[in-house]
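A.B. asks: Would you be able to build a 3D model of this:
(chains A and B)
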Protein chains: 2
Amino acid sequence: MAEHTVPVYKTIRALLEGKKYQTLKDVLVTMNPSDLAAVFEELDEDRIPLLFRLLPKELAAETFAELEPEAQELLIRGFSDSELREIINELYVDDAADLVEEMPANVVKRILAQADPQLRTEINQILRYPENSAGSIMTTEYVSLRPAMTVGEAITRIRRTGVDKETIYTCYVTEGRRLLGTVSVKDMLLADNDETPVQDIMDPHVISVGTMTDQEEVAQMLSKYNFLALPVVDTDGLMVGIITFDDAMDVMEEEVTEDIEKMAAILPSEKPYLRSNAWDLFRHRIPWLALLMVSATFTGMIITGFESALAAQVVLTAFIPMLMDTGGNSGSQASVTIIRALSLGELEFADLPRVIWKEVQTAFLCGLALAALCFLKIMLVDRLLLGNTDITVLTAFVVCFTMTVTVLIAKLVGCTLPMAAKKVGFDPAVMASPFITTIVDALSLLVYFGIASALLFH
Amino acid sequence: MAEHTVPVYKTIRALLEGKKYQTLKDVLVTMNPSDLAAVFEELDEDRIPLLFRLLPKELAAETFAELEPEAQELLIRGFSDSELREIINELYVDDAADLVEEMPANVVKRILAQADPQLRTEINQILRYPENSAGSIMTTEYVSLRPAMTVGEAITRIRRTGVDKETIYTCYVTEGRRLLGTVSVKDMLLADNDETPVQDIMDPHVISVGTMTDQEEVAQMLSKYNFLALPVVDTDGLMVGIITFDDAMDVMEEEVTEDIEKMAAILPSEKPYLRSNAWDLFRHRIPWLALLMVSATFTGMIITGFESALAAQVVLTAFIPMLMDTGGNSGSQASVTIIRALSLGELEFADLPRVIWKEVQTAFLCGLALAALCFLKIMLVDRLLLGNTDITVLTAFVVCFTMTVTVLIAKLVGCTLPMAAKKVGFDPAVMASPFITTIVDALSLLVYFGIASALLFH
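C.D. replies: As a prediction, this is how the structure comes out:
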């Protein structure tokens, strides 16, 4: 994206330096909040407040919501109380709650002091829910209609109250806050008669989520059903808010990044890469690196156990990296495929036998193909081409046989561990390449030396 | 998700067996197309047509669009021409185009024969665009308004034509198919006066994509700007269609799965796991496995080159797996972080110096911490606890020094290769763990034996 913002950013800086504020204003209003935020982030910090004050109120609030917390804090610290009040009360409730969550305590105090009483109540309500729950990402601003209202009355109500609502296109028909059905603006516009009561055209089969539902599940439901928004109900079945598709898209991106980080043995971080310093990166990377390094002790112990045998047949050592890497790659292919299928909801624990059977068949196909290729490689490249006469047909056979067994073990471990993790409530994403590799390394060496002992050392 | 469908599916099977068709009908209409499709997929194939015929026309079409290609083909083969005509002409154009793309030639012929002439033209138009382009996933059904229309006229137009349009909430103001601006139904409903011309309230700063824009970029733009839909314009700047947020969500899921597969050295497949047989899995996994196995030859050659030295100091062999694994893990942490940041558009090639500097600092922190831990582990566990007296302080030093250098190399290779790949137009996702591991393995062994030669072998 950055390619597109660079030229605009330069124009804006030039206009700022030339103090062409009217032109600047005219340029800024043509831009989208998200692009404006990107431009602001590129400027010197002390220019942001000046630029921000050139924006009309609504655009200012929308741009503010898109800024990174650092820039938000900087702006708030520069705001007068009345400026702060204007921006805060123009924000959507969910954005205001996000802001309160990110800011230091003294800034939060000022924000809450300037928020309208109703907004303050709603922010506090959202902040009560645990992180990553539906309650914590919902907004309490939605259009609710009474079942007996006519379509005409409903449209009048939307016209009167709709400007503050995050989405007006799906309306919720409630009675005493109990959710009876949904009706879309499309249905109302396309209704034959303005006198039709809303309850006659509403869809009474409402799909909703609880306040404690995990945000990832919410995002997947929105994606599956192609809804604009999902209603959130509390434990008493009363409607408390909605989650809109755009928040779901952000959640999807965030959760995918988290999964990918876990799969690469990194503790998930919410900071974008360029905003993380070396210390942040270190803290998120070292725990798994250290743990996996120490657990490689077992692999080392296996080699030490066969040290004397290895000293007699040093040629075997040369194949250790190839066997370990192929085992690791085979295992991570299986585990990553399974982890992704689990997180897309395509698989559940009951499918384990089918998964194992599929992986065993695949492992045989891969194992045999690799063994054949490996045999050719050893005999033609290592023995003939490189002239390593220590390599006999028997050595090649030991290596290739180990290869087949290793691939089988790797695929089995790779498919079983993530499903088992899911079953016992761990995050399957952790059971990806690095973890699987460490286990498969040890197992493949045991197989290697076992087979070698039986066939070569006597 | 499957947890939720199982009970419904059992009820439906029981009702089917009991031939309770009226009850079945009443149950089916309460369900969502996406859930209906999931239930259909669980049934015996020969039950699907019967069940399908119980659905009202619109729900039938929506459910049909959600089915997997196999079930769609089965249904079409069972349809009479008039049944087929009804379903096809009820589909949204983009779903119809997807269908035509998936079906075998003889089925396509029947579909196109039953499609209305206008639909047929539109399907053909979409199919002309290359796979994964904006043109290939757009729909040609959108609401277009003339600039001089009043808000009242615009709403009347939506009420008259809106039922066939995929989204009515964002309308496109065009003149001679040239896109002048967008106006939302919200803006129109909230307009003070029904006599206001649309051009007075439209937003003239339209963000659009070209027909050839990559679908991943389109999805990211929709997510970034929180739009319901993005307009697609052809090379002459004329509007040809829209892409809606729900299609963007599907694209995001698909592209993420593809990236994850590539990162795990798997050729991307569009089939869900449970629908892929062992042969499919084999074909997608063997190419990279074989390539990476053969490239491990270099690692083997390095070990062979130091064979005689190793025979004298077999204790060094025991640390090979630990060094290789830690190098692989360090490299994949860096590469995966960079690949994700690239695919989210957070990084571009110009950031390379900053990235390298960040990774060098991180590598020093990680390398030193790991070396210290490793030294302790070797001296306390390997030497004292396991009583391996072959291990001297010098050996431990050689291993730990190699560790630090390996981590540095791994992080450098891990961050540079994906960015270089992106620069020259390759997919950075391929430069993930398996590929990096193979390179880092060879480099770390060279370092290991180099340092060992200098300090131990004399």
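
A.B. asks: can you give me the helices in the stretch 1-150 of chain A?
C.D. replies: A:2-17, A:21-28, A:33-42, A:48-53, A:57-66, A:69-78, A:81-90, A:93-102, A:105-114, A:117-127, A:134-137 (DSSP state H, counting those that start in this stretch).

A.B. asks: Between those, which has the poorest mean confidence score?
C.D. replies: Least confident of the helices of the stretch 1-150 of chain A, judged by mean pLDDT, is helix A:2-17 with a mean of 69.

A.B. asks: Which strands or helices does the helix or strand hosting residue A:247 pack on?
C.D. replies: Using DSSP states H and E, residue A:247 sits within helix A:245-263. Packing partners of helix A:245-263 (3 or more Cβ pairs under 8 Å, 6 or more residues apart in numbering or on different chains; DSSP states H and E): helix A:215-225, helix A:320-343, helix B:215-225, helix B:245-263, helix B:320-343. The C-beta positions use only the backbone N, C-alpha and C, and glycine is treated the same way.

A.B. asks: Show me where chain A dips below the pLDDT cut-off.
C.D. replies: A:1-7, A:163, A:457-458 (pLDDT under 70).

A.B. asks: Can you tell me the element the closest residue to residue A:329 other than its chain neighbours falls in?
C.D. replies: Once flanking residues are discounted, residue A:329 sits nearest to residue B:434: 4.9 Å by Cβ to Cβ, 6 or more residues apart in numbering or on different chains. Using DSSP H and E, residue B:434 sits in helix B:433-455.

A.B. asks: so what secondary structure elements neighbour that helix?
C.D. replies: Using 3+ Cβ pairs under 8 Å, 6+ apart: helix B:433-455 touches helix A:320-343, helix B:278-305, helix B:307-312, helix B:320-343, helix B:393-423.

A.B. asks: try it again with 7 Å
C.D. replies: For helix B:433-455, the packing partners by 3 or more Cβ pairs under 7 Å, 6 or more residues apart in numbering or on different chains; DSSP states H and E come out as helix A:320-343, helix B:278-305, helix B:320-343, helix B:393-423.

A.B. asks: Compare those helices and report which one is nearest to residue B:71.
C.D. replies: Checking the helices and strands packed on helix B:433-455 against residue B:71 by Cβ to Cβ gives helix B:278-305 as the closest, at 18.4 Å.

A.B. asks: close to chain A, is that closest one?
C.D. replies: Yes - residues of helix B:278-305 are located near chain A by Cβ under 7 Å from any Cβ of the partner chain, namely B:278, B:281-282, B:285-286, B:289-290, B:292-294, B:296-297, B:299-300, B:303-304.

A.B. asks: buried sites along that helix?
C.D. replies: Residues B:278, B:281-282, B:284-286, B:288-290, B:292-304 are the ones in helix B:278-305 that count as buried (16 or more other Cβ atoms under 10 Å in any protein chain shown).

A.B. asks: Ok, stretch A:69-89 next?
C.D. replies: In stretch A:69-89, counting by 16+ other Cβ under 10 Å, buried: A:71, A:72, A:73, A:74, A:75, A:76, A:79, A:83, A:84, A:85, A:87, A:88.

A.B. asks: Pick out the most distant pair among these.
C.D. replies: A:71 and A:85 (19.4 Å).

A.B. asks: And the helix holding residue A:247, how far out from the chain middle?
C.D. replies: Centroid displacement of helix A:245-263 relative to its chain, using Cα atoms, centre = their mean, to the nearest Å, is 2 Å.

A.B. asks: Ok, stretch A:129-137 next?
C.D. replies: For stretch A:129-137, the distance to the chain centre is 15 Å (Cα atoms, centre = their mean).

A.B. asks: Could you tell me the end-to-end distance of that stretch?
C.D. replies: 9 Å (Cα to Cα, to the nearest Å).

A.B. asks: Then stretch A:201-212?
C.D. replies: 30 Å.

A.B. asks: hmm, who's touching that stretch?
C.D. replies: Contact partners of stretch A:201-212, identified using Cβ atoms under 7 Å, 6 or more residues apart in numbering or on different chains, comprise A:129, A:133-135, A:173, A:179-183, A:187, A:191, A:218, A:221, A:225, A:230-234, A:240, B:30, B:32.

A.B. asks: from the residues of helix B:278-305 next to chain A, which single one is nearest residue A:348?
C.D. replies: Of all those, residue A:348 sits closest to residue B:281, with 19.2 Å by Cβ to Cβ.

A.B. asks: Can you list the neighbours in contact with stretch A:143-153?
C.D. replies: A:154, A:157-158, A:161-162, A:165, A:168, A:171-175, A:180, A:183, A:188, A:191, A:194-199.

A.B. asks: Which ones among those residues map onto helices?
C.D. replies: A:154, A:157, A:158, A:161, A:188, A:198, A:199 (DSSP state H).

A.B. asks: Now do the contacts for the third one.
C.D. replies: Under the criterion of Cβ under 7 Å, 6+ apart, the contact list for residue A:158 reads A:143, A:168, B:189.

A.B. asks: With distance to residue B:382 as extra columns, can I get those in JSON lines?
C.D. replies: Converted to JSON lines, the contacts of residue A:158 look like this (distance: Cβ to Cβ, whole Å):
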{"residue": "A:143", "distance to residue B:382": "68"}
{"residue": "A:168", "distance to residue B:382": "68"}
{"residue": "B:189", "distance to residue B:382": "74"}
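
A.B. asks: For the residues you listed, which single residue is the most surrounded?
C.D. replies: residue A:168 (24 neighbours; other Cβ atoms under 10 Å in any protein chain shown).

A.B. asks: Name the nearest residue to it, sequence neighbours excluded.
C.D. replies: residue A:162 (4.3 Å).

A.B. asks: how many other residues sit next to that neighbour?
C.D. replies: 18.
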